[in-house]
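*Asks:* Predicted structure and sequence below. I'll ask about it afterward.
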Amino acid sequence: MSVGQDPVQDAMPSLDAPVARAESARLRAETRLAGTIADFFLDADARLDDRTRLMLARVLGGIVEAIEADIRRHAARLLAGQGLAKVGEAVLRPKGAGVVARLTRAGLLRDEDLMEELIARVRHDLIAASLPVDIADPDEASLVVRLAGVPDRVVASAASALLAAESRRRVSNEQGLASGSELPAELHHRLVWWVAATIRDEQRVTTREGDRAITDAAERSLAAHDEGERADAVAMRLAGAMDARPNELSAVLVESIGDRRLSLFVAVLAHALGIAFDQARAITLEPDGDRLWLALRAIDMDRPTIARIGLALSEADPRRDIEAFADALDEIASIDVTEAQAAVAPLALNRDFRLALRALARTDRR
């Protein structure tokens with residue numbers, strides 16, 4: 001036997017079909033067992049609950065399938081226009097287990113940035129939907145509806161856009177149908193090319209015309225993407241247009257939570273702190289809440305405001321310990337504003353700088 005030869009691989013072609021199937025089943029069983037063992041030893045706070053897992057799969061599948069459908073349809077149309085209808089039909093018809101399964105098998109969907117964004121979005125939407133409704137005056141319209149009718153056209157336009165964006169997202173979450181516009185531009189760009197590569201990879205016969213059509217269709221999807229249509233971006237526009245003064249922040253934050261407008265709460269908090277939406281969302285979703293309480297003290301929120309926000313989030317998120325929060329409330333309210341501002345200051349650092357610091361911290365822990 002020559003050096004570097006794999007005896008198992010060399011033997012595989014000589015195996016008859018039943019033996020080959022048995023070997024394939026054994027390998028799948030080993031993979032499942034490894035996954036089950038890894039899942040068993042996960043800390044409880046790292047494990048997704050069933051509801052989050054189900055919605056995450058639905059949202060991820062919906063986004064991939066929407067991008068896939070756009071690329072397939074446009075590529076087939078381009079090919080048909082060139083008199084290559086059969087090639088276009090081949091591109092239009094999915095083959096095998098599907099694009100999501102292929103990307104999963106390739107490990108591409110394990111991308112940390114992509115999954116961080118999707119998990120945060122799903123948790124945000126589930127918590128928003130579970131927030132207790134707390135409206136001071138039941139006969140009065142909600143905050144965002146009122147803002148949509150104010151004379152200030154910039155504020156009114158942003159509020160109307162937020163109502164529309166959140167409505168689209170609720171529908172997509174419920175029906176598992178999504179638009180690539182729900183991803184930040186960088187992640188949308190990455191996913192479009194992964195999907196395009198998968199469509200090309202599944203073609204039994206590839207042609208220069210087919211490759212060009214898939215490429216053009218992918219580039220069309222990228223050109224059509226408008227990051228500013230995302231609910232998160234629209235909420236930030238509204239927060240900027242409102243530009244709540246320090247004496248207004250408490251009422252705006254509490255009413256946003258009471259109206260189940262978690263995206264507006266996050267955006268107003270981000271605007272007040274001078275940080276990005278994703279940073280404010282991350283600290284809002286953390287079940288222990290330590291960084292959120294510091295952030296609220298950094299903008300000088302008082303005890304009653306923090307209590308109302310904390311209790312509402314505890315009711316909506318089963319991961320939170322409401323008794324621990326109640327016990328710590330006095331201590332939280334006593335945190336010095338200047339000290340809180342210093343503690344949350346790193347959140348305002350440049351994103352790439354933060355990622356570089358995080359990467360260095362990982363190497364120190366090894």
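*Replies:* Received it, and whenever you're ready, just let me know what you need. The structure presented is a predicted model; accordingly, all values stated were derived computationally and were not measured.
*Asks:* For residue 71, see how far away the residue nearest to residue 193 when sequence neighbours are not counted is.
*Replies:* Nearest non-adjacent residue to residue 193, counting by CB to CB, 6 or more residues apart in numbering: residue 218, 6.2 Å away. No exception for glycine: its C-beta is placed from N, CA and C like everyone else's. According to CB to CB, to the nearest Å, residue 218 and residue 71 sit 6 Å apart.
*Asks:* Buried residues of the helix or strand containing the residue nearest to residue 193, list them for me.
*Replies:* Counting by DSSP states H and E, the element that carries residue 218 is helix 208-224. Within helix 208-224, the residues scored as buried using 16 or more other CB atoms under 10 Å are 210, 213-214, 217-218, 220-221.
*Asks:* and what of stretch 73-84?
*Replies:* 74-76, 78-80, 84.
*Asks:* Give me the most central residue, this structure.
*Replies:* With distances taken as CA atoms, centre = their mean, residue 118 lies nearest the centre of the chain, 2.2 Å away.
*Asks:* residues in contact with that residue?
*Replies:* The contact partners of residue 118, by CB atoms under 8 Å, 6 or more residues apart in numbering, come to 56, 59-60.
*Asks:* swap in residue 236?
*Replies:* So residue 236 contacts 267, 270-271, 277 (CB under 8 Å, 6+ apart).
*Asks:* farthest-separated two in the residues you listed?
*Replies:* Across the contacts of residue 236, no pair lies farther apart than 271 and 277, at 9.1 Å, counting by CB to CB.
*Asks:* Can you check what pLDDT the model gives residue 351?
*Replies:* pLDDT for residue 351: 82.
*Asks:* if I look at it, how far off is residue 241?
*Replies:* Separation of residue 351 from residue 241 (CB to CB) stands at 23 Å.
*Asks:* Compare these two and say which is more crowded by neighbours.
*Replies:* More crowded of residue 351 and residue 241, by other CB atoms under 10 Å: residue 241, with 18 against 10.
*Asks:* Next, that one: secondary structure please.
*Replies:* State at residue 241, reduced to three classes by DSSP: H, G, I helix; E, B strand; the rest coil: helix.
*Asks:* hmm, back to that, need the overlap of contacts for residue 218 and residue 71.
*Replies:* Joint contacts of residue 218 and residue 71 (CB under 8 Å, 6+ apart) are 192, 195-196.
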